[in-house]
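> give me the fold of what follows.
(2 chains, ligands or ions: 2)
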Amino acid sequence: MLTVMLISVALVIFFAGNAVRVVKTLRMPAHLRWELYPIPKGPEERQRYGGSYFEESGWWTKPVDTSHKSEVAFVLKEVLLLRGVWENFRALWSWAWLLHWGLYLYVLATLLALGEVLLPAGASFGTLHAAVMYGYRLACSLGLAGTLGLLVIRSWHPRVRAFTTRIGIFDLLLLGSIFATGMLLLTAGPAGLHSMISDLVRLPTFLGNHPAVWHIHVALLTFFLAYFPFTHMTHAYMKYFTWHRVRWDDSPIAHDPHAAKTLAVNLQRKTSWAAPHIAAGGTATWSEVVADADGNGAGKRA
Amino acid sequence: MRKLGDIASQSGQLSQVPVQSLMPLPAPYDRIADLPPRKVLNQKVLDRIDTSLDGFSALGLARPQTPEEEHEFVKRFLSGLEKLLSKENNWTFLEQLTLSLDHCARCQTCVEACPIYTASGHDEVYRPTFRSEVFRRLMNEYAKPGGKALAWLKGEHVELNAATLGRLLESAYRCTLCRRCAQACPMGVDNALLTREIRKLFSMEMGIAPKEIHDKGSMLQLRTGSSTGMNARAVRDNVAFLDEEIRDQTGLTIETPWDKEGADVLLIHNAGEILAWLENPMAFAIILEAAGISWTMSSDLAGYDSVNYGLWYDDAQFARVAVKQAEAARKLKVKKIVLGECGHGHKASMVTADRILTGDLNIPRESALVLLRDIVMSGRLKLDPSRNDFPVTLHDPCNMVRMMGIVEPQREILRAICPQFREMTPHGVNNYCCGGGSGFAIMSGYNFEDWRFSVAGRMKLKQILDAFADCPSPEVKKYVCAPCSNCKGQFRDLFQYYGVWEKSGILYGGLAELIVNAMTDLSQPFIKWEFH
Ligand code: SF4
Ligand code: SF4
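Residues are numbered from 1 along each chain as shown, chains lettered A, B, ... in the order given. Ligands and ions are numbered 1, 2, ... in the order given. The predicted model follows:
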């Protein structure tokens, strides 16, 4: 019962922690533009070389591209193939790719296992069951290979060695142990990894009957769930913000009917930057600071 | 430097930047003995200013002399760190900053993209992630709750003292903000943004910024109208002189229109052009008149200078200048602003200022490259490409290309009027910075220029030489088209340092000059092939 309670707490932390991170970012003030090309928007011919709407005369009179087709294609290449790492750091790529696919498959197998458990009792779904079994098997093998490779690269490769910290190694060891105990469970027969979900969901009171490695695996997973929202691994979904809301956000305010209102809110914020040329020795609103072009407090008096 | 924590070491210099370790250049630039000797700073200067990063000084930061001074210095920095994380003080970039602080995987995928790091022979102090990681750790440890304990747990402790801060500040001026590393980062983390936030903290909280871009830059511009110090009267006098020059050189009678209400185009040059590269504003005047464009210049404060140095180091200065420029255009009721050949001026006005120029200040802004392309392609000018029959290559200013996606207009023009046009490798959005970006082109510091030429400009010089590898002789005159005033400033100084005009016959210049050089209406070539 304790295990189930701990898992529940971890799940709450997992969802709440991630939600807080997303909501906090969503609630940040509307920022200034900081896009970076190439941006997967606009006509394909222009995307080929990374061009933008600024290449057109009278661009402000033309409609903006609202299709997300190219963005989706870009994201898929990034997520499934780790294109950025492939292009810029080949030695890291194979191991990073293995680790990422280990994680994707582990999540997928778990979702399928959940599906299997939640299907009406007695129903037989042989293919689904096989997918779960092979999914976990593949996930743990790829994930373990990836983590081991990354551990070696992190500790040895001159390009990353100096930037590897205790926490970086800890994260890899944690992931590696999850995959390793998963592997051990897979070899432990029918009560192994593929039945973990069904046992957790259906038979929480009999969890004591499992071998030690089962408990270790579940404990590691539990810890990972609660730990995840506080790590840089949240890049899994925070990339939405770094890419869509910063790098690819080239929407001009000429097309934003709320721009003036948004700016007015920000200009009324009080700033306390202390350099003499900013607020001339006190707090001032941003609109006073901007009006005070000499940096002598005139804007504040105006 | 052996490890990141060395940034806090009380004595010594983290790197000597030995010439022998730098990326080799093609012959005849490979002879170390031929290079001008590095400027040696005397002991009195060395005792006073901080050169402990790499022996160079961009800012001349005075070392704190007493423990009290050091304490105060650190205290002010800490107060700035906290302000960077607050909505009130940093609404402008808080989201980008937080994302880049929190999501770096320390994978180093980005580092080989950096021309400074690679051209330095992989000197660790120039690794794009070095300053970012120090900054990230300082932020996590000293500006967030529980930071000290977590730093210890994670093994990410960085000692915070005057040495750390002196080196961090100087290192923020060893990055041109070219954002090539950001392009390579799979997480969308932006080391250039972090560099700019460091610069911002020092400027906006502590009043520390390079004098060339603050006191003699944005402050001067807000006071006089231009970072060159030219007031309205001086700029009109100087442009009147250019009109006379046009008459003398070409026989054309042109009177540059000033403050013409309701004009279609308000042309804003980087005012440095009017003083240093007269041929560029002259070429613009010739083209616009020949094409029958309704245009004007403005003599209002900042209305005749597109520079906005705040883009590189200070949000308040940035916003002040951007608003002044827009006010000048609003007053004249022009249909659009056209930005002359100035990369950062383009980005500042068209991109970064976009969300602070609302209502009637949001006057449409367009790149001069687009207008020039439209004019050339429309057939309104009579052009003879054989007049430009010499090797030409194109430099892509980072701000126009990587940060704005203006890639093809300039190429369409060059393909049409320069039969020997060839690309550099890589080019377009993957270009390398000239090495003068983010203010470097106008900064000399104490001995900063030695670094600017030997490290920052190195990759670009190699690219240019490679582009002309088929015609290396100085007898064959060659042209680097650089449609950006700051890039031209860097090329002027870089070429002078290495003797590129003498050794290779390579000249640099703008895009408009090449167009005028091809105009059949002119009896004499417009490009003079004189290095300046
Ligand atoms: S900035 Fe990006 S590429 Fe560079 S180390 Fe961080 S996550 Fe990796
Ligand atoms: S922005 Fe450019 S110069 Fe700065 S670290 Fe990145 S690649 Fe290097």
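> can you pull the residues of the stretch 251-400 of chain B lying near chain A?
B:316-317, B:319-320, B:323-324, B:350-359, B:362, B:364, B:366-367, B:370-371, B:374 (CB under 8 Å from any CB of the partner chain). (Each C-beta comes from the backbone N, C-alpha and C, glycine too.)
> what does the domain assignment say about chain B?
What automatic domain parsing lists as the domains of chain B is B:14-206, B:214-372, B:377-517.
> how about the helices of the stretch 201-350 of chain B, start to end?
For the stretch 201-350 of chain B, applying DSSP state H, counting those that start in this stretch gives helices covering B:220-224, B:232-250, B:272-276, B:279-290, B:310-313, B:315-332, B:343-346.
> so which of these is the most packed in?
Mean neighbour count (mean count of other CB atoms under 10 Å in any protein chain shown) peaks for helix B:343-346 among these, with a mean of 29.
> show the subsequent helix or strand relative to that one.
strand B:365-367 (DSSP states H and E).
> tally of neighbours for residue B:428?
20 (other CB atoms under 10 Å in any protein chain shown).
> grab the nearest non-local neighbour of it.
Leaving aside its chain neighbours, residue B:428 sits nearest to residue B:407 (5.0 Å; criterion: CB to CB, 6 or more residues apart in numbering or on different chains).
> repeat that for residue B:377.
That would be residue B:412: by CB to CB, 6+ apart, it lies 6.6 Å from residue B:377.
> so who does the one you found touch?
B:373, B:376, B:377 (CB atoms under 8 Å, 6 or more residues apart in numbering or on different chains).
> now do residue B:129
Here residue B:129 is in contact with A:163, B:104, B:106, B:108, B:110, B:111, B:191 (CB under 8 Å, 6+ apart).
> quick check: which of these are also close to ligand 2?
Contacts with ligand 2 within those, as defined by CB under 6 Å from any ligand atom: residue B:191.
> nearest to ligand 2 among the contacts of residue B:129?
residue B:191 (4.9 Å; CB to the nearest ligand atom).
> what residues are up against the closest one?
Residue B:191 touches B:100, B:110, B:128, B:129, B:131, B:132, B:175, B:181, B:182, B:185, counting by CB under 8 Å, 6+ apart.
> so where's the stretch 51-200 of chain A uncertain?
Scanning the stretch 51-200 of chain A with the threshold set as pLDDT under 70 gives A:121-125, A:189-194.
> what's the neighbour count on the nearest residue to residue A:52 once chain neighbours are set aside?
Sequence neighbours aside, residue B:405 is the residue nearest to residue A:52 in space, at 2.6 Å (criterion: CB to CB, 6+ apart). When neighbours are counted by other CB under 10 Å, residue B:405 registers 28.
> secondary structure class for residue B:508?
strand (DSSP: H, G, I helix; E, B strand; the rest coil).
> wait, what's in contact with the closest residue to it other than its chain neighbours?
Spatial nearest neighbour of residue B:508, excluding adjacent residues (CB to CB, 6+ apart): residue B:491 at 4.0 Å. Contacts here follow CB under 8 Å, 6+ apart; on that basis residue B:491 touches B:395, B:434, B:436, B:480, B:482, B:508.
> 10 Å - rerun?
B:395, B:434-436, B:441, B:457, B:460-461, B:464, B:480, B:482, B:484, B:500, B:506-509 (CB atoms under 10 Å, 6 or more residues apart in numbering or on different chains).
> in the stretch 201-302 of chain A, what residue spans correspond to strands?
A:270-271, A:284-285 (DSSP state E, counting those that start in this stretch).
> so of these, which one's packed in deepest?
strand A:284-285 comes out most buried of those by mean count of other CB under 10 Å, with a mean of 20.
> please identify the pairing partners of that one and their relative orientation?
strand A:270-271 (antiparallel) (DSSP bridges).
> average pLDDT for the partner strand, rounded please.
Averaged across strand A:270-271, pLDDT comes to 94.
> interface residues of the stretch 1-150 of chain B facing ligand 1?
Close to ligand 1, as judged by CB under 6 Å from any ligand atom, the stretch 1-150 of chain B has residues B:104, B:105, B:106, B:107, B:108, B:109, B:110, B:129.
> now those: which count as buried?
B:104, B:105, B:106, B:107, B:108, B:109, B:110, B:129 (16 or more other CB atoms under 10 Å in any protein chain shown).
> sorry, back to before: and the residue nearest to residue B:428, what pLDDT?
98.
> okay, now it: neighbour count?
Neighbour tally, residue B:407, other CB under 10 Å: 25.
> for chain B, which residues are neighbours of ligand 1?
B:104, B:105, B:106, B:107, B:108, B:109, B:110, B:129, B:185, B:187, B:189, B:191.
> please repeat the previous calculation with a cut-off of 5 Å.
B:104, B:105, B:107, B:108, B:109, B:110, B:129, B:185, B:187, B:189 (CB under 5 Å from any ligand atom).
> how about the contacts made by the most centrally placed residue in chain B?
Nearest to the geometric centre of chain B sits residue B:437, at 2.5 Å (CA atoms, centre = their mean). By CB under 10 Å, 6+ apart, the residues touching residue B:437 are B:175-179, B:192, B:312, B:343-344, B:397-399, B:456, B:484, B:486-487, B:490.
> find the nearest non-adjacent residue to whichever residue of the stretch 201-302 of chain A sits closest to chain B, please.
Closest residue of the stretch 201-302 of chain A to chain B, CB to the nearest CB: residue A:242 (2.7 Å). Nearest residue to residue A:242, sequence neighbours excluded (CB to CB, 6+ apart): residue B:188, at 2.7 Å.
> where's residue A:116 relative to chain B, distance?
34 Å (CB to the nearest CB, to the nearest Å).
> quick one: contacts for residue B:179?
Contacts of residue B:179 by CB under 10 Å, 6+ apart are A:34, A:36-37, A:247, B:113, B:185, B:190-193, B:195, B:398-399, B:402-403, B:433, B:437.
> what's the answer for residue A:18, then?
Taking CB under 10 Å, 6+ apart as the test, what residue A:18 contacts is A:228, A:229, A:230, A:234, A:236, A:237, A:238.
> what is the neighbour count of the fifth one?
I take that to be residue A:236. 16.
> check which element follows the lowest-mean-pLDDT helix or strand in chain B along the chain.
Ranked by mean pLDDT, DSSP states H and E, the weakest helix or strand in chain B is helix B:43-48, scoring a mean of 91. Going down the chain from helix B:43-48, the next helix or strand is helix B:67-84, by DSSP H and E.
> hmm, residue B:17 is touching residue B:1, no?
No: with contact defined as CB atoms under 10 Å, residue B:17 does not count as touching residue B:1 (11.3 Å).
> who touches both of the two?
B:53, B:54, B:123, B:125.
> let me have the residues you listed in JSON lines, extended by neighbour count, pLDDT and distance to chain A.
Listed next are these as JSON lines, based on neighbours: other CB atoms under 10 Å in any protein chain shown; pLDDT from 0 to 100; distance: CB to the nearest CB, whole Å:
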{"residue": "B:53", "neighbour count": "26", "pLDDT": "97", "distance to chain A": "17"}
{"residue": "B:54", "neighbour count": "22", "pLDDT": "97", "distance to chain A": "17"}
{"residue": "B:123", "neighbour count": "23", "pLDDT": "97", "distance to chain A": "13"}
{"residue": "B:125", "neighbour count": "21", "pLDDT": "97", "distance to chain A": "12"}
